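Visitor: Build me a model:
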Amino acid sequence: MRTHSLFDRQTILVLSLLAAAAILVPTMNELPPPGSALHLSDHLVPLLGKYVCFALLALSVDLIWGFSGILSLGHGAFFALGGYAMGMYLMRQIGPRGVYGDPILPDFMIFLNWKELPWFWHGFDWFPFAALMVLLVPGALALVFGWFAFRSRVTGVYFSIITQAMTFALMLAFFRNDMGLGGNNGLTDFKEILGFPVQNGSTRIALFVLSVLALASGYLLCRWVVGSTFGKVLVAVRDAESRTRFLGYRVEHYKLTVFTLSALLAGVAGALYVPQVGIINPSEFAPANSIEVVIWVAVGGRGTLAGAIFGALLVNAGKTWFTAALPEFWLFALGGLFVFVTLFMPRGILGAAGDLWERSSQKLRARRSPQPATHAAE
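Guide: Here you go, the predicted structure:
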């Protein structure tokens, strides 16, 4: 089987574009004067950072769907859990600057007559602990959920349904005020992160650059995984799970490992998302959000990694424009795009572009190849 270099042409292109974004966005925000056509306004920096976080979430879905055949319709749950872990840290940093001035309890707890901080909030005033929870909570849920699902050999549409049920159940739970996580209002009114004001322009730029670095790191990690022997087994599981199991591979172990890794990436994306948008609430658990992530991957190109990034950026940029200009038509446009790609570009935009490039290259090579000389018979 042909092996792929980690730093192939696609990887170099993706990393180059991400590096350009990490340089150009801060430069265009800081250097040109506000009236210049080259100036990037302050509100666009966190918007672009949100897009980058969504691209990392799409990358995590492509890792399991495109290369393992695991279609999760509940990956928004891992994204939201990572976001809540970061939100709890940010809430603890408010201290006495809240509306009610309590140095320990967040404002929503004072409003709901909570007398003491719940046990699971302890430790979130320390950033390393919060960063650990960003990984541990989504990872633990994926590990436990995946262990039961893959051990029971739940696959296909049945697995998709139970992941959707999982995120819906979490959404209902987090809407409850007695969960101690802000209920339907969620966590908001953040003041600072690591001592830096969240609303400060330089902090927003730093968060954007960190998001780009996280996306680049996640992309390299996924490229390494799919290019390794482990990744070859994942592709075998996707294409012929029964045959792979018959050859002696513990299929459930491979699926559980990549599913947990995917949840970790989604949790990191959620943690970077929250300080840039300024809020996290139970609506992030909505099953429709997880379904939309799948659409991003399908539009960009399933099983390409780069396509997941491209699809997330393209669809969310279109969503921003549509919801401002023609808000009532956005869902129709999204559904129409998904149907069009499914029918006419089953491999997504990047997959179709790759096929077109390959056919053009083959025709070009055929024209350049020397024609065999013909000799007349004597």
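
Visitor: Going along the chain, name the strands of the stretch 201-350 of the chain.
Guide: Remark: strands assigned in the stretch 201-350 of the chain by DSSP state E, counting those that start in this stretch are 279-280.

Visitor: Low-confidence bits of it, can you list those?
Guide: Across the stretch 201-350 of the chain, nothing is flagged by pLDDT under 70.

Visitor: Same question for the stretch 51-200 of the chain.
Guide: Of all residues in the stretch 51-200 of the chain, none has pLDDT under 70.

Visitor: what are the phi and psi values for the closest residue to G267 other than its chain neighbours?
Guide: Distances taken as Cβ to Cβ, 6 or more residues apart in numbering put G82 closest to G267, at 3.0 Å, once the chain neighbours are dropped. C-betas here are computed from N, CA, C, even on glycine. In terms of degrees, to the nearest 10, the main-chain angles of G82 are phi -60, psi -40.

Visitor: can you pull the contacts of S290?
Guide: Contact analysis of S290 by Cβ atoms under 8 Å, 6 or more residues apart in numbering lists 72-77, 163-164, 167.

Visitor: top of those by neighbour count?
Guide: When neighbours are taken as other Cβ atoms under 10 Å, the top entry among the contacts of S290 is A77 (32 neighbours).

Visitor: who's in contact with that residue?
Guide: Counted by Cβ under 8 Å, 6+ apart, A77 has contacts 138, 141, 163, 166-167, 170, 285, 290.

Visitor: from the contacts of S290, which is closest to P275?
Guide: Distance ranking of the contacts of S290 against P275, using Cβ to Cβ, places G76 first at 18.4 Å.

Visitor: Now do the same contact list for that closest one.
Guide: Counted by Cβ under 8 Å, 6+ apart, G76 has contacts 57, 167, 284-287, 289-290, 293.

Visitor: The contacts of A77 in helices, which ones?
Guide: 138, 141, 163, 166-167, 170, 290 (DSSP state H).

Visitor: So which of those is the closest to H39?
Guide: The closest of those to H39 turns out to be S290 (Cβ to Cβ; 36.0 Å).

Visitor: Leaving out the residues flanking it, which one is nearest to that closest one?
Guide: Nearest non-adjacent residue to S290, counting by Cβ to Cβ, 6+ apart: G76, 3.9 Å away.

Visitor: Now render the contacts of G76 as TSV, adding distance to A263.
Guide: Shown next, in TSV, are the contacts of G76 (distance: Cβ to Cβ, whole Å):
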residue	distance to A263
L57	11
T167	12
E284	15
F285	14
A286	18
P287	16
N289	15
S290	12
V293	13
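
Visitor: can you pick the most crowded of those residues?
Guide: Using other Cβ under 10 Å as the neighbour criterion, L57 leads the contacts of G76 with 32 neighbours.

Visitor: Packing partners of the helix or strand where that residue lies?
Guide: Per DSSP states H and E, L57 falls inside helix 44-68. If you count contacts as 3 or more Cβ pairs under 8 Å, 6 or more residues apart in numbering; DSSP states H and E, helix 44-68 packs onto helix 9-30, helix 75-92, helix 201-227, helix 229-239, helix 251-277, helix 287-300, helix 306-325.

Visitor: average model confidence for the first one?
Guide: Read it as helix 9-30. Per-residue pLDDT values across helix 9-30 average out to 95.

Visitor: what's in contact with it?
Guide: 38-42, 44-45, 48, 52, 201, 205, 208-209, 212-213, 215-216, 219-220, 223, 304-306, 309.

Visitor: Can I have the buried ones of these as a ChimeraX selection?
Guide: Here is the ChimeraX selection string for the buried members of the contacts of helix 9-30, based on 16 or more other Cβ atoms under 10 Å:
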select :40,44,45,48,52,205,208,209,212,215,216,219,220,223,304,305,306,309
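
Visitor: Quick check, L350 in contact with T304.
Guide: Yes - in this structure, L350 is within contact of T304 by Cβ atoms under 8 Å, at 5.1 Å.

Visitor: So G348 is in contact with V341, correct?
Guide: Yes - using Cβ under 8 Å, G348 makes contact with V341 at a distance of 6.3 Å.

Visitor: Between these two, which contacts overlap?
Guide: Common contacts of G348 and V341, defined by Cβ under 8 Å, 6+ apart, comprise 298-299.

Visitor: Looking at those two, which is more packed in?
Guide: Taking other Cβ under 10 Å, G348 and V341 do not tie; G348 has more neighbours (26 against 21).

Visitor: quick one: contacts for T342?
Guide: By Cβ under 8 Å, 6+ apart, the contact list for T342 reads A298.

Visitor: quick one: it from Y158, how far?
Guide: Distance, T342 to Y158, using Cβ to Cβ, to the nearest Å: 21 Å.

Visitor: And for P34?
Guide: Distance, P34 to Y158, by Cβ to Cβ: 54 Å.

Visitor: So which of the two has more stuff around it?
Guide: Y158 (12 against 7).

Visitor: Just want the angle from the strand or helix carrying the more buried one to helix 287-300.
Guide: Per DSSP H and E, Y158 falls inside helix 156-174. Inter-element angle recorded for helix 156-174 and helix 287-300: 140 degrees (by axes from the mean of the first three to the mean of the last three Cα atoms, to 10 degrees).

Visitor: Give me the sheet partners of the next helix or strand along the chain from helix 156-174 and which way each runs.
Guide: Later in the chain than helix 156-174, the nearest helix or strand by DSSP H and E is strand 187-188. Next to strand 187-188 in the sheet, as set by DSSP bridges, lie strand 279-280 (antiparallel).

Visitor: quick one, what contacts N281?
Guide: N281 makes contact with 174, 182, 184-188, according to Cβ under 8 Å, 6+ apart.

Visitor: What is the strand or helix carrying F148 packed up against?
Guide: Counting by DSSP H and E, the element that carries F148 is helix 127-151. Counting contacts by 3+ Cβ pairs under 8 Å, 6+ apart, helix 127-151 packs against helix 75-92, helix 156-174, helix 251-277.
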